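Peer 1: Dropping a prediction and its sequence here:
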Amino acid sequence: MKRLSQQYCENISPDQARLSESEITDLLSELDNNWNYEDKTRSISRVFTFNDYYQTLAFVNATAWVSQQQNHHPEIQIGFKHCLISYSTHSINGLSHNDFICAARINDMADT
């Protein structure tokens with residue numbers, strides 16, 4: 001099976017089931033330990049830190065590019081030297097495979 005970051009997001013219909021707790025746990029194990037699952041908001045999130053505002057904005061722009069490419073968009077909160085990325089699939093009110101694909105792609109991008 002391909003790594004998450006090598007997979008592509010698919011269209012999610014509103015009647016599609018969100019991921020189960022066990023599926024979420026399995027997929028979280030494929031991400032680095034900095035990603036957190038929040039049951040209350042049914043989302044995964046991670047804070048990325050940078051040396052300055054310019055690097056933060058460059059990361060946000062690169063994240064926007066990945067989001068457009070995959071047609072799956074996170075919630076983003078930007079600070080001076082940090083950025084909070086949160087994924088959840090709003091159409092199913094929970095997490096889908098797409099959220100983990102995009103999180104893995106963002107990880108790979110941040111590592112380079």
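Peer 2: Arrived safely, thanks for sending. Residues are numbered from 1 along each chain as shown.
Peer 1: need the strands for this protein, in chain order.
Peer 2: For the chain, the strands defined by DSSP state E cover 36-38, 43-49, 75-78, 82-87.
Peer 1: Give the buried residues for the second one.
Peer 2: Right, strand 43-49. S43, I44, S45, R46, F48 (16 or more other C-beta atoms under 10 Å). (Each C-beta comes from the backbone N, C-alpha and C, glycine too.)
Peer 1: The last one now?
Peer 2: The neighbour-count check on strand 82-87 (16+ other C-beta under 10 Å) flags C83, I85, S86, Y87 as buried.
Peer 1: Tell me, how many residues neighbour N36?
Peer 2: 13 (other C-beta atoms under 10 Å).
Peer 1: does it really touch L84, like I thought?
Peer 2: No. Using C-beta atoms under 8 Å as the test, N36 is too far from L84 to be in contact (10.6 Å).
Peer 1: intersection of neighbour lists for these two?
Peer 2: Shared contacts of N36 and L84, defined by C-beta atoms under 8 Å, 6 or more residues apart in numbering, are found at S45, R46.
Peer 1: how near is the nearest residue to L4 once chain neighbours are set aside to Y54?
Peer 2: For L4, ignoring the flanking residues on the chain, the nearest one in space by C-beta to C-beta, 6 or more residues apart in numbering is A104 at 3.6 Å. A104 is 25 Å from Y54, where distance means C-beta to C-beta, to the nearest Å.
Peer 1: Many thanks, I have nothing further to ask.
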